[in-house]
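Peer 1: Have a look at this prediction, sequence included:
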2 protein chains.
Amino acid sequence: MSNLSQEIVKGAIRIADVARHAKVGAGTVSRVLNGSQNVAPETRDRVLATISKLGYVPNLVARGLAANRTGVIAAIIPVIGYSQHSEVIQGMTEVLHEHGVTVMIGSSGYSQEMEEKIVATFLARRPDAFYVTGTWHSQKTRKLLSASSIPVIEGSNLTDDPIDTVVGYSNFAAARELTLMLASRGHQRIAHVTVKRDLNDRIGDRLTGYRAACNDGENTQPALVIECENSFSGGADAVAWTLESSDTIDALFFATDVMAVGGLLECQRRGIAVPKQLAIAGFDDLPIASSVIPTLTTVQVDRVGMGRKIANVLLQRINGEPSPSNRIDVGFQIRERDSTLKPRLV
Amino acid sequence: MSNLSQEIVKGAIRIADVARHAKVGAGTVSRVLNGSQNVAPETRDRVLATISKLGYVPNLVARGLAANRTGVIAAIIPVIGYSQHSEVIQGMTEVLHEHGVTVMIGSSGYSQEMEEKIVATFLARRPDAFYVTGTWHSQKTRKLLSASSIPVIEGSNLTDDPIDTVVGYSNFAAARELTLMLASRGHQRIAHVTVKRDLNDRIGDRLTGYRAACNDGENTQPALVIECENSFSGGADAVAWTLESSDTIDALFFATDVMAVGGLLECQRRGIAVPKQLAIAGFDDLPIASSVIPTLTTVQVDRVGMGRKIANVLLQRINGEPSPSNRIDVGFQIRERDSTLKPRLV
DNA sequence: CTCGACTATGGAAGCGCTTCCATAATGACT
DNA sequence: AGTCATTATGGAAGCGCTTCCATAGTCGAG
């Protein structure tokens, strides 16, 4: 088609051109475009034919201004590269694209201050809704978002006090459950490896969950917490520290799989038998977790699915339907693998 | 501030309100906002004071329509989650955010058809520029992008025939160089493991680079290519196939680190000594590549840096400055590690 | 003191769309 | 035939901004 080359040039064909060619009013073209019921079938067909003949592409910026509805959703995650948070965005975009909604993305680098800046910037673009990672935000961020009067979803964790709606899983419950499971498998002294920098609600709740498990029921013991960098080498450091410690630790529960894999490799380097001498568990179920040797016990969350869920809730909200709940639990699953002791066969 | 709660509500304070309060015209407020020179300092101060007093936030949608410049850049990558392409976006957003430019993102899932759909959708939002991954696109995608009359950057590979501008590195040269290096280290029979599905220009060029090395100079040998899934288990499959093969392969050059790490772990599982019995090399330098045992020889590209570079070129172009070149090479580095033979000490 | 060049400013027009309102046309029912 | 809903449609107003144009004000040179 020769008109293709003119198709989507800035300032190309406008709705008025379509209207003129189809011998209808601009309003009618708009009604066809937006699926209004009150258009005669013949008119609709004529308009659609003209649109395709001229290669008309609506200007969504103008629509956004006129309709006070941009079809854009703002999303902020801590980091975009190689991160489980990107998986959430992947799921979101998949669903949203099918509905003509676009995602604008920013990364806060685990900084509340940065997050606040991005929120302010993004709000000026009048998104129809907002997704932010986690439940820890500066006071001003909360205020900005509440005042914006658009749907806001916080994700990747649960809280009883969301700004608007929260979609996620309980990091607390997952960490508690995993710790209790380790104890039930016969691990006597379980230490928790948490993150030194870039602390956030998810990591914090994992720690709290671990602590809760330590005080739970029959098997109480003092909590033992190691802090290190959230990286492969940080995990290795934690193993080194453990082996030098006077405590007789027989299991390390890492707050992230990245650290856990680093720890696992360090054990291999030092010839420590996992799980016999030292058991290792992680959190996140990275793709590598099921491939390392031994395979890694961890907590799995369907993050792409979570992103899709978030998208669907957001779409509902944008269309004026209420959210099914302001606290949506997508759950988690403990993946018990070879890096921790198995239950005895009875 | 009590006005905070009214700050960025849809349909809140407009430029006219600021103008009225500051006793100036709307045009003057706009000039202050956009840094025009022709504003008296006292006027500017008064306007700025009013803006901050009222908590005015410009509506960037309206600005986009009026100025025919949205301050939005569209980006398409194959997948968003756990992907090196996300690192590019990370770098881009970092730079662009400082300049008030926002990124809208989509994922094509390695499908040209999907890419085409997203390009069409995104163009309707009138981005100021476009980033697409790779250099393989459908004919229509190329047409749409050329016709859009906005800057387009293709990334992550180099081509002599970019739509507009290409920023990347030569996958061909990197694969060729790595293969030649392996040969120079004494590896006799080097097979290349390529990807079965989701083929793309980067993977294709790596294969071509390997083939070129096979025909290079003194050490020519027939190319040997294995196809498998681009995953940890796919890499393991490749190792299994190699060991059963009648060929006496002593080195596997995997087209991606994901497969290479999978292969490495399979060797470990089977008790194959790396690099003595079988050498392994990858491509991408994933974070894990320097942590696995043995550490993985691979090709490293600074993808965050590439994203920043792309952002800077895009910013130049948006501001009407020409691109320094329509083919910008960001280079690569061979990381020679323990999974391949070392040069003999002379 | 006068004139011209330049700066600062207000205000209108217009960006491309949606949506409301008024009106015309249609058809069902007295 | 006349009335009243109901549906289809054109067109104007308006979304909140930028930018152009006209005008008023300022200042230096002659």
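Peer 2: Happy to help now that I have it.

Peer 1: dump the residue contacts of the closest residue to DNA strand D within chain A.
Peer 2: Closest contact between chain A and DNA strand D, by Cβ to the nearest atom of the strand, is at residue A:27 (2.4 Å). (C-beta placed from N, C-alpha, C; glycine too.) Contacts for residue A:27 (Cβ atoms under 8 Å, 6 or more residues apart in numbering or on different chains) come out as none.

Peer 1: Where does it sit, in terms of helix or strand?
Peer 2: Here residue A:27, judged by DSSP states H and E, is contained in helix A:26-33.

Peer 1: Which residues are in contact with the residue of the stretch 101-250 of chain A at minimum distance from DNA strand C?
Peer 2: DNA strand C sits closest to residue A:128 of the stretch 101-250 of chain A, with a gap of 12.5 Å, by Cβ to the nearest atom of the strand. By Cβ under 8 Å, 6+ apart, the residues touching residue A:128 are A:69, A:70, A:71, A:72, A:73, A:101, A:150, A:151, A:318.

Peer 1: The closest residue to DNA strand C within the stretch 201-346 of chain A: neighbouring residues, count only.
Peer 2: At 12.0 Å from DNA strand C, residue A:320 is the closest residue in the stretch 201-346 of chain A, using Cβ to the nearest atom of the strand. By other Cβ atoms under 10 Å in any protein chain shown, 6 other residues sit near residue A:320.

Peer 1: And for the one 10 residues further on?
Peer 2: The number of residues packed around residue A:330, counting by other Cβ under 10 Å, is 19.

Peer 1: List, one by one, the residues from the stretch 51-200 of chain A near DNA strand C.
Peer 2: Proximity of the stretch 51-200 of chain A to DNA strand C (Cβ under 7 Å from any atom of the strand) is limited to residues A:58, A:59, A:62, A:63, A:65, A:66, A:67, A:69.

Peer 1: Contact partners for the third one?
Peer 2: Put plainly, it is residue A:62. Going by Cβ under 8 Å, 6+ apart, residue A:62 touches residue B:65.

Peer 1: repeat for the last one
Peer 2: Contact partners of residue A:69, counting by Cβ under 8 Å, 6+ apart, are A:63, A:128, A:318.

Peer 1: hmm, back to that, adding distance to residue B:267, pLDDT and secondary structure, write the residues of the stretch 51-200 of chain A next to DNA strand C out as CSV.
Peer 2: CSV is the format used below for those (distance: Cβ to Cβ, whole Å; pLDDT from 0 to 100; DSSP: H, G, I helix; E, B strand; the rest coil):
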residue, distance to residue B:267, pLDDT, secondary structure
A:58, 56, 96, coil
A:59, 57, 97, coil
A:62, 59, 98, helix
A:63, 57, 98, helix
A:65, 60, 97, helix
A:66, 62, 97, helix
A:67, 59, 96, helix
A:69, 56, 96, coil
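
Peer 1: same question for the helix holding residue A:27, mean pLDDT?
Peer 2: On average, the pLDDT along helix A:26-33 is 95.

Peer 1: what about dumping the CA coordinates of it to PDB?
Peer 2: The C-alpha trace of helix A:26-33 is given here as PDB (Å, rounded to 0.1, in the frame of the first residue of the first chain):
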ATOM      1  CA  ALA A  26     -15.700  14.000  13.400                       C
ATOM      2  CA  GLY A  27     -17.800  12.900  16.300                       C
ATOM      3  CA  THR A  28     -19.100   9.900  14.400                       C
ATOM      4  CA  VAL A  29     -15.600   8.800  13.600                       C
ATOM      5  CA  SER A  30     -14.700   9.100  17.200                       C
ATOM      6  CA  ARG A  31     -17.800   7.000  18.100                       C
ATOM      7  CA  VAL A  32     -16.700   4.300  15.700                       C
ATOM      8  CA  LEU A  33     -13.200   4.300  17.100                       C
END
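
Peer 1: okay, the angle between the helix or strand just after it and helix A:26-33?
Peer 2: Later in the chain than helix A:26-33, the nearest helix or strand by DSSP H and E is helix A:41-54. Angle of helix A:41-54 versus helix A:26-33, following axes from the mean of the first three to the mean of the last three Cα atoms, to 10 degrees, is 90 degrees.

Peer 1: And stretch A:68-82, end to end?
Peer 2: 35 Å (Cα to Cα, to the nearest Å).

Peer 1: how far does that stretch sit from the chain's center?
Peer 2: Averaging C-alpha positions (Cα atoms, centre = their mean, to the nearest Å) puts stretch A:68-82 11 Å from its chain's average.

Peer 1: in it, what counts as buried?
Peer 2: A:70-82 (16 or more other Cβ atoms under 10 Å in any protein chain shown).

Peer 1: Likewise for stretch A:107-114?
Peer 2: A:107, A:108, A:110, A:112, A:114.

Peer 1: just checking, which of those belong to strands?
Peer 2: Judged by DSSP state E, strands contain the following of those: residue A:107.
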